[in-house]
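Peer 1: Structure here, sequence nowhere to be found:
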């Protein structure tokens, strides 16, 4: 028989493991209170120091990765902590990051409350919740396999297990607070407790450059912890893309250091001016500012954008390319590939009119060449 408290249990599962709850129930998150900083200054070192730039030989570069490393670039290790910190930073204020923060706060609150009340999950409680879910799935779509299919496949089982453990702990906490048995905990009481708990734990955001992702009345969530949780939840292709992005940033940083190219406030300002100009000259962006686009898509102010490792790397790459590509070389490339530039901008386009596009092509090829010439090992 399905427990009468199962709908509230499913609500908690949707809070903790929304992917795993797909097909079972959909519950919106309660919006957390935020204190958003008005401005964040660009740091001198926007990336954690993940590897040194001492030379290594080819054999050294191909050593197997240690357990605590997610990748290596030319033999220099990139730690899981550095990757998770990057993931926790680059996804800040996006829906998936906000959801993960609320999940972590909810779990931390429940762990702390359980310790205060000296309660633990009773033997068999998690199995009972699983049996209830399986019975529900059997009635709808065919037993255990139907349940596995409904949560998105076997890769979602660890998240569902975590959610069921948390749901069982929630019932113990609610029962202890009310002085009743877990069998007497009603669906209404469970649902009310979830809402009250989330609302009673407002999340205050920290500066994006902080190693702490957020604080709440009971403690704080580190950016590494947030990134670690997101690494468990984001699609594999998105994680692969983020790792590639981080490796590209580190490769650019290393090349710039080797060639004596520095990130400066002047170079950052010039980049912002150029981006604003491109938006202003875009007929599809009439009445829309670059600042508004960054605020809407990246959820950042321009000051916060400048502080990101990605912006820093893009400026450094532009400076590196400018050292090697003067107007004479750019003109030569334009003439050799005129057909492709005319296809984009029209047959009468001049070099001066196409210069920005030519520079963009050179930067993209330089970036690809930099990665291709690097010795990279990665776990995914």
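Peer 2: In hand now; what should we look at? All of these numbers come straight from a predicted model, not from anything done at the bench.
Peer 1: Just give me the residue right at the centre of the protein.
Peer 2: In the chain, the C-alpha nearest the mean C-alpha coordinate belongs to residue 91, at 3.4 Å (Cα atoms, centre = their mean).
Peer 1: what number of residues lie near the nearest residue to that one once chain neighbours are set aside?
Peer 2: In space, and not counting its chain neighbours, residue 91 is closest to residue 97: 4.1 Å by Cβ to Cβ, 6 or more residues apart in numbering. No exception for glycine: its C-beta is placed from N, CA and C like everyone else's. Using other Cβ atoms under 10 Å, residue 97 has 23 neighbouring residues.
Peer 1: I'd like to check what contacts the helix or strand harbouring residue 97. Which residues are they?
Peer 2: Here residue 97 sits within helix 95-117, counting by DSSP states H and E. Contacting residues not belonging to helix 95-117 are listed as 15-16, 18, 29-30, 32, 88, 91, 120, 166, 169-170, 172-173, 176-177, 197-198, 201, 203, 213-214, 216, 218-219, 221, 225-226, 229-230, 233-234 [Cβ atoms under 8 Å, 6 or more residues apart in numbering].
Peer 1: Tell me which entries of those lie within helices.
Peer 2: Assigned to helices by DSSP state H, the following of these qualify: 15-16, 88, 166, 169-170, 172-173, 176-177, 197-198, 225-226, 229-230, 233.
Peer 1: and those, which are buried?
Peer 2: Taking 16 or more other Cβ atoms under 10 Å as the criterion, what is buried in the ones in helices among the contacts of helix 95-117 is 15-16, 88, 166, 169-170, 172-173, 176, 197-198, 225-226, 229-230, 233.
Peer 1: Next secondary structure element downstream of the helix or strand where residue 257 lies?
Peer 2: Counting by DSSP H and E, the element that carries residue 257 is helix 236-258. Note on helix 236-258: by DSSP H and E, the next helix or strand toward the C-terminus is helix 265-280.
Peer 1: which intervals of the protein have sub-threshold pLDDT?
Peer 2: Of all residues in the chain, those with pLDDT under 70 make up the ranges 1-62, 139-144, 146-147, 150-151.
Peer 1: Walk me through the domains of it.
Peer 2: Per automatic domain parsing, the domain ranges recorded for the chain read 6-31+96-202, 58-79+235-378.
Peer 1: possible to save the ones you listed as CSV with distance to residue 208?
Peer 2: Shown next, in CSV, are the domains of the chain (distance: least, Cβ to Cβ, whole Å):
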stretch, distance to residue 208
domain 6-31+96-202, 11
domain 58-79+235-378, 5
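Peer 1: and those, which is most packed in?
Peer 2: Across those, the average number of neighbours (mean count of other Cβ atoms under 10 Å) peaks for domain 6-31+96-202, which reaches a mean of 17.
Peer 1: Run the chain-centre distance for stretch 325-333.
Peer 2: 38 Å (Cα atoms, centre = their mean, to the nearest Å).
Peer 1: just stretch 193-209 next, same as before
Peer 2: For stretch 193-209, the distance to the chain centre is 18 Å (Cα atoms, centre = their mean).
Peer 1: measure it end to end?
Peer 2: For stretch 193-209, the first and last residues are 34 Å from each other (Cα to Cα, to the nearest Å).
Peer 1: Leaving out chain neighbours, which residue sits closest to residue 310?
Peer 2: Excluding the flanking residues, the one nearest residue 310 by Cβ to Cβ, 6+ apart is residue 249, at 6.3 Å.
Peer 1: show me what contacts that neighbour?
Peer 2: By Cβ under 8 Å, 6+ apart, residue 249 lies in contact with 47, 309, 310, 312, 313.
Peer 1: Distance of the last one relative to residue 199?
Peer 2: Yep, that's residue 313 we're talking about. Using Cβ to Cβ, to the nearest Å, we find residue 313 at a distance of 40 Å from residue 199.
Peer 1: Quick one: closest of the domains of the chain to residue 209.
Peer 2: domain 58-79+235-378 (5.5 Å; Cβ to Cβ).
Peer 1: what's in contact with stretch 316-336?
Peer 2: 252-253, 255-256, 259, 261, 263, 267, 271, 341, 351, 354-355, 358-359, 361-363, 366-367.
Peer 1: gap between that stretch and the chain center?
Peer 2: Relative to the centre of its chain, stretch 316-336 is centred 34 Å away, using Cα atoms, centre = their mean.
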